[in-house]
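Student: any chance you could fold what I've pasted below:
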Amino acid sequence: MRAYALCIVAGILVAVWLTQRRWVRRGGKPGQVLDIATWAVPFGIVGARLYHVATSWQPYFGPGGNPLHALYIWEGGMGVWGAVAFGALGAWIGARRSGVPLPPMADAAAPGIALAQGIGRLGNWFNNEVYGGPTELPWGLEIHQWDQSAGQAVLGADGQPVVLGTFHPAFLYELLWVFGVAAVVIWADRRFQLGHGRAFGLYVALYTAGRLWIEALRVDPANHILGLRLNIWTALLVCLTATALTVVSARRHPGREEPMLRPVGPR
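Tutor: Numbers count the residues shown, from 1 in each chain. Have a look, this model is predicted:
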C-alpha cells in the first residue's frame, strides 16, 4: 500500500463522515450521502488524474515519455481541479438517481471536501513533492533527489539519500489553508444560513484565493502561460466564477432551501 493512496482514502472517509452529519442536520437521510459518494468519488479520482495528465503531459506523451505511466496513479499526480469538476459530475448523476437536490448536498459537502484536500496533501510529503523555493525557516522541507517509479530517494555513493536542499513546504501551507477554509465555511453556514449552493461557492472562492499565492511559491516543474504557472490562471478563473455565482445566488435565492427537506432541531 502506498502512503499517498492511504492519505487520499483517509480524506475521502472524513469527507463522507462530515457530509453525512451536515446533511442529516439539514434534514436529509443518512444513506443518501453514501449513494451519491459512490458516484462522486470514482468520478473525482478519474478527473483528478485526467487533469494532471492533460496539463503535465510531457512525461507521458512527450519525447521519451511513456503513455502507460499515465495510469500509474500511485506515483503521484492528482489535479484538484479535475477532482472537483468530475466529482461534481458524478455527484449530479448520483443526486438525480437518488432524487436529491444537488445544491443543498453540495453545501453540506463543502467543508468535508476541504478537509479531504488537506488530508490528501499529506501524501505529497511521502512522495517528496509540491514544494516552494529554498528557505532556512525551521519548518523548511528537506527535498531529496527522488526516484518516482521506485517511490524512494536516490542514494549517493555513501549509501545516503541525495539531498537537493531545504524548501518551502507548499503542500503544508495548502493543508493549513484548506483546514481554515473548512472552519470558515462551517462558521459562515451556521451564522448566515447559507443555501442554494452558497456554502460550496464560498469554499471554492476561498480555496482558489489561497491557491493563488501558494501556487506562486512553487518551483517544481509545471507548464506556464504568459510567464505564470497554468494552475495560477486556473485558480484565478475559478475564483472569479465562484464569487460571481455565489453573489448571483444570494440575490436570486436568499435564505436556505430547508422547506425542501424534513424539519430538524436546533443546530
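
Student: and the pLDDT at Ala5?
Tutor: Among the per-residue scores, Ala5 shows a pLDDT of 85.

Student: run through the residues that contact it.
Tutor: When contacts are counted by C-beta atoms under 8 Å, 6 or more residues apart in numbering, Ala5 touches Ile73, Trp74, Gly123. Bear in mind the C-beta positions are built from the backbone N, C-alpha and C, glycine included.

Student: out of these, which one has the lowest pLDDT?
Tutor: Confidence by pLDDT is poorest for Trp74 among the contacts of Ala5, given 71.

Student: run a quick neighbour tally on it.
Tutor: By other C-beta atoms under 10 Å, the residues close to Trp74 number 16.

Student: right, and Asp189 touches Pro104 too?
Tutor: No. Look at Asp189 against Pro104 with C-beta atoms under 8 Å: they stay out of range, at 11.0 Å.

Student: of those two, which one has the most company?
Tutor: Pro104 (26 against 23).

Student: low-confidence ranges in the stretch 151-267 of the chain?
Tutor: Across the stretch 151-267 of the chain, the ranges flagged by pLDDT under 70 are 151, 258-267.

Student: helices of that one, start to end?
Tutor: Taking DSSP state H, counting those that start in this stretch as the criterion, the stretch 151-267 of the chain contains helices spanning 170-192, 198-217, 230-252.

Student: save those helices as CSV, and put in distance to Gln145 too.
Tutor: Listed next are these as CSV, based on distance: least, C-beta to C-beta, whole Å:
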stretch, distance to Gln145
helix 170-192, 18
helix 198-217, 21
helix 230-252, 24
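
Student: which of the ones you listed sits most buried?
Tutor: Per-residue neighbour counts averaged over each of the helices of the stretch 151-267 of the chain give the maximum for helix 198-217, namely a mean of 22 (mean count of other C-beta atoms under 10 Å).

Student: so which elements touch it?
Tutor: Judged by 3 or more C-beta pairs under 8 Å, 6 or more residues apart in numbering; DSSP states H and E, the packing partners of helix 198-217 are helix 102-126, helix 170-192, helix 230-252.

Student: so for Glu75, what's the pLDDT?
Tutor: 70.

Student: should've said Glu129
Tutor: According to the model's per-residue confidence, Glu129 sits at a pLDDT of 81.

Student: and it, what are its phi and psi?
Tutor: For Glu129, the backbone dihedrals (degrees, to the nearest 10) come out as phi -140, psi 170.

Student: thought Ala222 was touching it, still the case?
Tutor: No. Shown here, Glu129 and Ala222 do not form a contact pair, counting by C-beta under 8 Å, at 11.5 Å.

Student: neighbour count for these two, which is higher?
Tutor: Between Glu129 and Ala222, Glu129 has the larger neighbour count (other C-beta under 10 Å), namely 19 against 14.

Student: report the separation between the more buried one and Trp146.
Tutor: According to C-beta to C-beta, to the nearest Å, Glu129 and Trp146 sit 8 Å apart.

Student: how about Ala110?
Tutor: Here Ala110 is placed at a distance of 34 Å from Trp146 (C-beta to C-beta).

Student: pull stretch 229-236 out as PDB, backbone CA atoms only.
Tutor: Listed next in PDB are the C-alpha coordinates belonging to stretch 229-236 (Å, rounded to 0.1, in the frame of the first residue of the first chain):
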ATOM      1  CA  ARG A 229       2.000  28.600 -13.900                       C
ATOM      2  CA  LEU A 230      -1.100  27.100 -15.500                       C
ATOM      3  CA  ASN A 231      -2.700  26.500 -12.200                       C
ATOM      4  CA  ILE A 232      -2.500  30.200 -11.300                       C
ATOM      5  CA  TRP A 233      -4.600  31.000 -14.300                       C
ATOM      6  CA  THR A 234      -7.000  28.200 -13.400                       C
ATOM      7  CA  ALA A 235      -7.300  29.300  -9.800                       C
ATOM      8  CA  LEU A 236      -8.000  32.900 -10.800                       C
END
